[in-house]
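Novice: With the sequence up front, the predicted model follows.
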Amino acid sequence: MVRVVARTLAEATRRVLGSRRRTGRGPAAAEPAQAGDAALAADLEAAIGADRVRSDAAARYLASRDASIYREGNAGPVCYPDSTADVVACVQVAARHGRAVSPRGAGTGLAGGAAPLGRPVVLSMTRMDKLLEIDVDNGVAWVQPGIVNLDLTRALAPHGVHYAPDPSSQAACTIGGNVANNSGGPHCLAYGVTSAHVLAVEVVLSDGSVVTLGDLSAEPVGYDLRGAFVGSEGMCGIATAVAVRLTPDPPAVRTMLLCFDDVSDAAATVSAIIADGIVPAAIEMMDQRCVRAVEDFAQAGYPEDAAAVLLVEVDGPAGGVSIASERIAGIARRYQAMSVRTAADEDERARLWKGRKSAFGAVANVMPDYYLHDTVVPRTRLVEVLESIYEIVDRYDLIVLNVFHAGDGNLHPILAYDSRVPGADERVHAAGREIITMSLDMGGALTGEHGIGVEKREHMSRMFSEVDLDQQARLRASFDPYCRMNPGKVLPSAHSCSDIAALRASDASGVWG
Amino acid sequence: MADFDEALTAFAAEVGSEGPVCVRGGRTRWSLGGDMAPGTREVAAPAGIVAFEPAEMTVRVRAGTPVTELHEALAGSGQRTALPERPGGTVGGALMAGESSIARLGLGPVRDGLLQARYVCADGRIASGGAGTVKNVSGFDLCRLLVGSLGTLGLVGEVLLRTMPVGEVERWVHVPGAAPDPARSCHTAASLLWDGTDLWAFLSGYGVDVDEDLSRLAELSSGPPEDVDGPPDLPPHRWSCTPSEAASFGSGNGAAGRFVAEVGVGVVHASEPQPARPVEPGVGELNRRFKERFDPAGRLNPGRDPLRKP
């Protein structure tokens, strides 16, 4: 049995590195429900209500994947809890049946983190989408995990505050998913990623107990367990309520579009802005291919003859905003900017941002499939890093669109391709591996905001030593000694032996049994 | 993966893999979280700045380096970190205590500034958490776990810290008779302190914005705001509250005695200690599990417990 499950893990990895179509044409149907699942589903229905549990193939198929190319997820019964008590009940039933539990939000993740492995009970948190309480005096709001990021920000707008992390998927992604992935977004350059914006989390642990990690005071006692929980990709417990920090809306905002006829000049401008001691709210970069795709798709008003554009936003008190934006314009001109444009009004600002945020959708007009990387490099080395990416991609005869958080060195090279072309998948993955290796060699990191999930799990040992990974495994095991929460993610298989046991238990009555 | 420098490997050798061991920094917060168990061997973390990259806005520094020394080196490039300066206090000590600087309103909490930590584990080996970049979500967040852990999970030897620009203009002002709440509209305020009667503000930013905030403060003041060298004398005990609890101290929190509250933050410096804060049983249990997993023999900084921090 151990061998069988090890085989599935290895196989899963191989398939990620092998080929999968992002567009998912002709998907394999979910495997038929199994004998063990019927008793499990009956118990789940008894616990939270028959209308809150689905075991049919369609529901399980939808719950088996996220927005990554990973297609080997396999969901057991799918539950739709309404409350913390429902979550506790589901976790307890799963534990009684020796089954793992995988939570999911909107499924917009890009690393396979929400793809269930080993037929776990899946908890879809989307019904728990309430804004529970806004406390402007203390700069905090309690929300349920299923609330959509942008809905939260819209609800906060009348109070003159917002929730700072703004992933590109913010119109769909949930706060619970943001907490699981420690998500970022363009404005994290000045404001920090999710971890800096979560004050406390109510969590259901794998034994069904409920704890509140962190609190609303300045310095909670004990270990920073809310810090350890954020970014744990569903492997430490299930967040059922989150206290998020509210950021006051800045008194002034200025959004600028800087256009260059040389990518290196754009990249050098980014480094020079940071080196000048300016911390803009955001610095986003798009190269020519991306600009053209975006213009076709969203008509944001980017000049299509530019080799690269920078979208720079400065916010804060009006005086400083004005000084900083003038200094930025000066730096851009020093690096031969073709044009420096400042959004005249909110409409223009919204249009400039719409272009940036629709970049991934726009890729569909270029090629049917894409593979997106998320490495981070020192932001002083952007010029050489971009040159390396173009060199690698040319060598593999692929198309790359670069659209990324330049200010903090977080690359998002989109390798666009057509997987119907023989050999294309292999070339995409080989190029991807080289981009990862190059980023790590430059002193970088595997992922800046998308997480490790399944997709980058086996790359972890290229960034971390055995000792490092052992320490990470201890963090996870402190929360979940049974390895029953979203098993099989993040840590490479050698460091997730207990996960393999959990997966084996989940598959005890499985297709190989 | 990096090769560790000699200072770090020598520190690991000194820590070894057996017997109780504690790290001596500047001894500025020595009794935080409990007294050291008697007979514990003392070691000191290595000191010195390894690499300061002003254009990257990061600094790699050894844990035994005094924070004031670090900040002097960064000041040459107009930068600083979020770590608090205490006379003699070290980088490692500040991270392990986890207590924020008096300018937390502007600089943020200590926890957000740690990008990478290289530390000696309970078994004497060197581990690394985080990454060498300003953004990273690769794996579980050991850095957040270490900040405030009082050296009970691992002994930090070298860290990479985020730096931030020093304001073009920075001024401490004493604002007699000003109420705390309206002062929160001062966007350049990196610190607002209130003792129930008077307000102190540390303004940091562009000159034009600082001037605007000074006029705002003058309107709130019963007398003209005056430049001062720094914050008022702070009473010895530290309370951790919500910002609105801190604001309520003025209406009489007898238990606190004399106080200086950090407006908008929730830290209150008081002449009396904060009563023990209740800890959920489940959270207490999780804290114990972390300690057991990371330091099964209980050899790292024995006697200290972050649950016993005031």
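Specialist: Cool, the structure landed. Numbering: from 1, shown residues only, chains lettered A, B, ... in the order given.

Novice: For the residue in the stretch 101-250 of chain B positioned nearest to chain A, grab the count of nearby residues.
Specialist: Here the stretch 101-250 of chain B gets closest to chain A at one residue, residue B:144, 2.7 Å apart by C-beta to the nearest C-beta. For the C-beta atoms, the positions are set from N, CA and C on the backbone; glycine is no exception. Using other C-beta atoms under 10 Å in any protein chain shown, residue B:144 is surrounded by 27 other residues.

Novice: does the spatially closest residue to it that is not a sequence neighbour count as helix, strand or coil?
Specialist: Nearest residue to residue B:144, sequence neighbours excluded (C-beta to C-beta, 6 or more residues apart in numbering or on different chains): residue A:227, at 2.7 Å. Look at residue A:227: counting by DSSP: H, G, I helix; E, B strand; the rest coil, its state is helix.

Novice: What about residue A:227, how many residues nearby?
Specialist: 26.

Novice: same thing with residue A:374?
Specialist: 27.

Novice: is it true that it touches residue A:448?
Specialist: Yes: contact criterion C-beta atoms under 8 Å: residue A:374 and residue A:448 qualify, at 5.6 Å.

Novice: Quickly list what's touching both of the two.
Specialist: A:410, A:411 (C-beta atoms under 8 Å, 6 or more residues apart in numbering or on different chains).

Novice: buried stuff in the one helix or strand residue A:331 maps to?
Specialist: For residue A:331, the host element (DSSP states H and E) is helix A:318-334. Neighbour-count burial for helix A:318-334, counted by 16 or more other C-beta atoms under 10 Å in any protein chain shown, picks out A:318, A:319, A:320, A:321, A:322, A:323, A:324, A:325, A:328, A:329, A:331, A:332.

Novice: Show me what it is packed up against.
Specialist: strand A:252-260, helix A:263-275, strand A:308-316, strand A:339-342, helix B:207-220 (3 or more C-beta pairs under 8 Å, 6 or more residues apart in numbering or on different chains; DSSP states H and E).

Novice: And the closest residue to chain B within the stretch 351-500 of chain A, how far from residue A:140?
Specialist: Using C-beta to the nearest C-beta, the closest approach of the stretch 351-500 of chain A to chain B is made by residue A:445 at 3.7 Å. Using C-beta to C-beta, to the nearest Å, one obtains 30 Å as the distance from residue A:445 to residue A:140.

Novice: List the contacts of the residue in the stretch 301-450 of chain A positioned nearest to chain B.
Specialist: As assessed by C-beta to the nearest C-beta, chain B sits closest to residue A:319 within the stretch 301-450 of chain A, at 3.3 Å. Shown in contact with residue A:319 (C-beta under 8 Å, 6+ apart): B:206, B:207, B:208, B:209, B:212.

Novice: By neighbour count, which of the residues you listed wins?
Specialist: residue B:209 (27 neighbours).

Novice: where does residue B:172 fall, phi/psi-wise?
Specialist: As for residue B:172, its main-chain torsions (degrees, to the nearest 10) stand at phi -90, psi 130.

Novice: Surely it touches residue B:227?
Specialist: Yes: assessed by C-beta under 8 Å, residue B:172 is found in contact with residue B:227 at 7.0 Å.

Novice: Quick check on these two: which one has the bigger neighbour count.
Specialist: Using other C-beta under 10 Å as the criterion, residue B:172 and residue B:227 rank with residue B:172 on top: 19 against 9.

Novice: what's the spacing between the more buried one and residue A:320?
Specialist: When residue B:172 is compared with residue A:320 (using C-beta to C-beta), they lie 19 Å apart.

Novice: now residue B:153
Specialist: Per C-beta to C-beta, residue B:153 is found 40 Å from residue A:320.

Novice: Over to residue B:306?
Specialist: Computed as C-beta to C-beta, the residue B:306 to residue A:320 distance reads 38 Å.
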